[in-house]
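Q: Here is the input, now give the coordinates:
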Amino acid sequence: MSHVVPALIAAATLIVAGVSATALPTAPDSAVAAVFPPWWGREQAAAAVAQSDGLIVREGAIGTVLVVRPAGPDLVERLRAHGAVLVINPAAAGGCLGTGTA
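A: Below is the predicted model:
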């Protein structure tokens, strides 16, 4: 039973990834919602954001969904290079963001 939740999160991530191409922010200085693998901890996701030169604005409903502002250019590519499985517009992330804060 403990493997059901991560499997559901992974499945949902894959579904969202399929429709998220239009959900990317258009302005280069826009915040993004970065979704990291569900088996990562919040600390590992936060470290990946730091390595990507991003600034955490807030945390999502789970610790591996973070809203991030860029500290430099090409944030989306850097987040993906450091492990993000999905990078989308925070408005498109909806329920994944919950009410948590960073």
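Q: Name the helix or strand of this protein that has the lowest mean pLDDT.
A: Within the chain, no helix or strand scores below helix 4-19, which has a mean of 60 by mean pLDDT, DSSP states H and E.
Q: Could you point out the helix or strand that follows that helix?
A: Following helix 4-19 in sequence order, the next helix or strand is strand 32-35 (DSSP states H and E).
Q: Would you work out how far apart the start and end of stretch 61-69 are?
A: Taking Cα to Cα, to the nearest Å, the first and last residues of stretch 61-69 lie 18 Å apart.
Q: same question, stretch 39-59
A: Span of stretch 39-59 from end to end, Cα to Cα: 16 Å.
Q: And it, what's buried?
A: 40, 42, 45-46, 48-49, 52-54, 56, 58-59 (16 or more other Cβ atoms under 10 Å). For glycine as for every other residue, the C-beta is placed from the backbone atoms N, C-alpha and C.
Q: Looking at the residues you listed, which are in strands?
A: The strands, defined by DSSP state E, take in 54, 56, 58-59 from the buried residues of stretch 39-59.
Q: gap between the nearest residue to G54 once chain neighbours are set aside and G41?
A: Spatially, and ignoring its direct neighbours in sequence, G54 is nearest to V68 (3.9 Å; Cβ to Cβ, 6 or more residues apart in numbering). Between V68 and G41 the computed distance is 17 Å (Cβ to Cβ, to the nearest Å).
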